[in-house]
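In: here are the coordinates; sequence isn't available:
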DNA sequence: ATAACTATCGGAAACGTTTCCGAAAACGAA
DNA sequence: TTCGTTTTCGGAAACGTTTCCGATAGTTAT
């Protein structure tokens, strides 16, 4: 028979139901309800990371004293501090950043949303981001959208839940509405866009010379004597595709070359589409004498296919592409490209975001353009080959 | 004149020093000390992420009620739950994972330490890791050691401070002592090694067939008629280099080919060393007729250099390498390789780690070997070219 | 009417860390 | 000795969330 938790007597106890799998009792004398608590299971000493409380116990001081010692406070005796630091090192104390960040209201973590880490451009950007972040004492949390708007939205939500101090975003191909970003911007979260930016949001941006780079590549093809230049573009909604396409159109216009719609092929950058475009263009009565792809991987795919068809590059058809990689230099013929300097893009983006985080109240969003470089290689050198 | 905080009188007040930039006062009547607190600065309503407390205030319920509603508790009325969920969505409530993880004692985050994200092998591994982790509800935090033992140690410490639930580690080239990992293992942190593992630690491991892959590549070269096969190895301390070198040695032995020390070149995988090795080998009285590199990037570098020297591959010298990439297939001559399937390595490693995290008390470390694939390409096909 | 049960809400305390404050001892000046 | 200062420690409360418990109203069975 169970005794009352208040008076200790058993004669006035009646049952009062089962709640949460446990018998509840009522003492009529005291007007008190209570549960029958099972015997305390042996709380085995569980392995865990050392806490400030563990260090404090070893030394017989308060946790606040340990904290002061480890954090350059003036209100700690130097001998006490040295002793605390000694024990903390002995016990391999590592601050719990969860607790620390919860208290401080900042995590020193920046979230990065990119389409695909396996793409050399984005791997390069991430490397640049990590370099700058690391030097500024920030961690980096990377998410991949895999070109899906929905995944991108989930990524943003997960990073917000992790309470990142700021976001670096390069949008997925699919993303054409931006509520998920707008909402966080409104809440005051620092956000910097890079590469695939969004013109309707007042964020800082790091972009490349999409227009000028494109213009320069097409101009170079024109100066090589090309007159029927086909362009393999991306989705019509994708801002960088629009800009690069405009550079193409502008170069044609400058040199008085008429624009032919059948030479403009819109795609989702897929391999099969590279082949489709080639098939289409080579079925025309007048074939193109040059191809410009706005994403270099498609140019690689086309080089492989043209070589398979024994079509001579650049004699029969020249190639030029936006973006660079070691492969572009080593494939034969080597590919004429516009190098975007992804590592530098990453560095700039991280640098601007950190400035935004630190000077949150005064930061004014701006756009930083990273100047790329036209690299002429074998794939477009028609005149040289004419010798 | 300031009044006593206790009795409200001013006549018994004396000064009692300056502490923390503020005047302290003493009331002789009450025997009470206090500071002069400056007027409360206007606490402007600061923008922040919505908390459970915000939702609770809107509805006039307790925070614990909101928590119960959002977490499938049985002790919440369905109407109350629906109302709370409605308001939470309206206010875009996102759980604060810092607080949640602090309470639950787990972060659902796994830490990954790799040498370099820009290396396609590791980018592929990371992609595989992220796939499995994401499906299991885990986040991934990636750190790069940049082949430095010290940076690797700092990475581990940072991840521990972030209270990751487990670690996936591929060691840097420099790392030859493992105290930093042993310490965390002793604290019960789940750890899985992949690729560059450590044999002295009782962790689960995901490895490739270093020996067998190497053996197969060298055997293939021998069957192509090569008899003076040079090997471009890594640092002597690096375990994967040792294993791949052993595969080389074993294949030579199987076919009764004597081992010549000048054909074994140890390096740190640097580009300049690729050139150094070629210079050395071509200065020998008897030049090698094949080269096996244990890291494919060096083979690429050598192909470029040999072509520059107008040395015919594979007629004069064949090449084969450990590791694969698109570039290996597209360079000319295309490179014979052992493909390690990095994405699969990443998937397996993440899968094992998550199992370790979930079944922490019963998990037994084991080693999983990922079977790779020998891919014969142009760089080693001597017999075919003899026609 | 009494006993026993169920449903569901609010409050308290925990997680680890930080920072503010008072307490109290020590010191220096008048 | 009194007044005024400095040093430095411990305690309390905050950060956001979760989970345990009791409180209390309602329901059912005897």
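Out: That came in fine, so what should we check first? These numbers were taken from a predicted model, which means no experiment stands behind them. Numbers count the residues shown, from 1 in each chain, chains lettered A, B, ... in the order given.
In: quick one: stretch A:153-172 near DNA strand C?
Out: No. Judged by C-beta under 7 Å from any atom of the strand, stretch A:153-172 stays clear of DNA strand C, getting no closer than 12.9 Å. The C-beta positions use only the backbone N, C-alpha and C, and glycine is treated the same way.
In: roughly how far is that stretch from the heart of the chain?
Out: Here stretch A:153-172 shows a centroid-to-chain-centroid distance of 8 Å under the convention C-alpha atoms, centre = their mean, to the nearest Å.
In: and whichever residue of the stretch 151-300 of chain A sits closest to chain B, what does it touch?
Out: Closest to chain B within the stretch 151-300 of chain A is residue A:188: 3.9 Å, counting by C-beta to the nearest C-beta. Each residue near residue A:188 by C-beta atoms under 8 Å, 6 or more residues apart in numbering or on different chains is listed here: A:360, B:47, B:48.
In: tell me the secondary structure for the closest residue to the second one other than its chain neighbours?
Out: Of all residues beyond its chain neighbours, the one nearest residue B:47 is residue A:188 (3.9 Å), with distances taken as C-beta to C-beta, 6 or more residues apart in numbering or on different chains. Local secondary structure at residue A:188 is given as coil here, using DSSP: H, G, I helix; E, B strand; the rest coil.
In: quick one, phi psi at residue A:188?
Out: Backbone torsions of residue A:188, given as degrees, to the nearest 10, read phi 90, psi 10.
In: just residue A:254 next, same as before
Out: According to degrees, to the nearest 10, residue A:254 has phi -60, psi -40.
In: these two touch, right, it and residue A:219?
Out: Yes. Counting by C-beta atoms under 8 Å, residue A:219 is a contact partner of residue A:254 at 7.3 Å.
In: who's more crowded, those two?
Out: residue A:219 (19 against 12; other C-beta atoms under 10 Å in any protein chain shown).
In: name the element the more buried one belongs to?
Out: Using DSSP states H and E, residue A:219 sits in helix A:210-223.
In: for that helix, packing partners?
Out: The helices and strands touching helix A:210-223, judged by 3 or more C-beta pairs under 8 Å, 6 or more residues apart in numbering or on different chains; DSSP states H and E, are strand A:229-233, helix A:239-254, strand A:290-293, strand A:318-322, strand A:336-339, strand A:373-375.
In: pretty sure residue A:53 is touching residue A:64, no?
Out: No. Residue A:53 is not in contact with residue A:64 according to C-beta under 8 Å; the separation is 10.7 Å.
In: looking at this, residue A:206 is in a strand?
Out: Yes. Counting by three-state DSSP, one finds residue A:206 located in a strand.
In: just give the number of residues close to it.
Out: Using other C-beta under 10 Å, residue A:206 is surrounded by 27 other residues.
In: same question, residue A:364
Out: Neighbours of residue A:364 using other C-beta under 10 Å come to 8.
In: and what of residue A:5?
Out: Other residues near residue A:5 come to 14 when the count uses other C-beta under 10 Å.
In: residue in chain A with the shortest distance to DNA strand C?
Out: residue A:17 (2.2 Å; C-beta to the nearest atom of the strand).
In: please name the nearest non-neighbouring residue to that residue.
Out: Counting by C-beta to C-beta, 6+ apart, the residue nearest residue A:17 is residue A:24, at 5.2 Å.
In: would you say that neighbour is within a strand?
Out: Yes. Assessed by three-state DSSP, residue A:24 belongs to a strand.
In: any idea how many residues pack against the residue nearest to residue A:22 when sequence neighbours are not counted?
Out: With sequence-adjacent residues excluded and distances taken as C-beta to C-beta, 6+ apart, residue A:22 is closest to residue A:35, at 4.6 Å. By the criterion of other C-beta under 10 Å, residue A:35 has 15 neighbours.
In: phi, psi of residue A:35?
Out: According to degrees, to the nearest 10, residue A:35 has phi -100, psi 160.
In: what average pLDDT does the one helix or strand residue A:275 maps to get?
Out: Using DSSP H and E, residue A:275 falls within helix A:271-282. Helix A:271-282 comes out with an average pLDDT of 94.
In: who's in contact with it?
Out: With C-beta under 8 Å, 6+ apart, helix A:271-282 has contacts from A:230, A:232, A:262-263, A:265, A:267, A:287-288, A:291, A:293, A:298, A:301-302, A:305-306.
In: taking the residues you listed one by one, which sit in helices?
Out: If you go by DSSP state H, those have A:298, A:301, A:302, A:305, A:306 in helices.
In: tell me the most packed of these, by neighbour count.
Out: residue A:298 (27 neighbours).
In: what angle separates the helix holding residue A:219 from strand A:318-322?
Out: 170 degrees (axes from the mean of the first three to the mean of the last three C-alpha atoms, to 10 degrees).
In: check the offset of helix A:210-223 from the chain's centre.
Out: Distance, centroid of helix A:210-223 to centroid of chain: 29 Å (C-alpha atoms, centre = their mean).
In: next one: stretch A:363-374
Out: Distance, centroid of stretch A:363-374 to centroid of chain: 18 Å (C-alpha atoms, centre = their mean).
In: could you check it against chain B for contacts?
Out: No. On the criterion C-beta under 8 Å from any C-beta of the partner chain, stretch A:363-374 is out of touch with chain B, staying 14.0 Å away.
In: can I assume the residue of chain A closest to DNA strand C is in contact with residue A:33?
Out: No. Shown here, residue A:17 and residue A:33 do not form a contact pair, counting by C-beta under 8 Å, at 9.2 Å.
In: circling back: and the furthest pair within the contacts of helix A:271-282?
Out: Pairwise distances across the contacts of helix A:271-282 (C-beta to C-beta) peak at 20.3 Å, for the pair A:262 and A:301.
In: and the stretch 51-200 of chain A, which residues reach chain B?
Out: Residues of the stretch 51-200 of chain A lying close to chain B by C-beta under 8 Å from any C-beta are A:92, A:94-99, A:101-102, A:107, A:116-118, A:120, A:123-124, A:126-127, A:130, A:139-142, A:144, A:157-158, A:160-163, A:183, A:187-188.
In: let's see 7 Å
Out: For the stretch 51-200 of chain A, the contact set with chain B under C-beta under 7 Å from any C-beta of the partner chain comprises A:92, A:94-99, A:101-102, A:117-118, A:123-124, A:126-127, A:130, A:139, A:141-142, A:144, A:157-158, A:160-163, A:183, A:187-188.
In: of these, buried ones?
Out: When these are checked for burial by 16 or more other C-beta atoms under 10 Å in any protein chain shown, the buried set is A:94-99, A:101-102, A:117-118, A:123-124, A:126-127, A:130, A:139, A:141-142, A:144, A:158, A:160-163.
In: so which of these belong to helices?
Out: Filtering these for helices - DSSP H - leaves A:97-99, A:101-102, A:123-124, A:126-127, A:130, A:158, A:160-161.
In: okay if I get these as JSON lines plus pLDDT?
Out: JSON lines is the format used below for those (pLDDT from 0 to 100):
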{"residue": "A:97", "pLDDT": "94"}
{"residue": "A:98", "pLDDT": "95"}
{"residue": "A:99", "pLDDT": "95"}
{"residue": "A:101", "pLDDT": "94"}
{"residue": "A:102", "pLDDT": "94"}
{"residue": "A:123", "pLDDT": "92"}
{"residue": "A:124", "pLDDT": "93"}
{"residue": "A:126", "pLDDT": "95"}
{"residue": "A:127", "pLDDT": "93"}
{"residue": "A:130", "pLDDT": "94"}
{"residue": "A:158", "pLDDT": "92"}
{"residue": "A:160", "pLDDT": "94"}
{"residue": "A:161", "pLDDT": "93"}
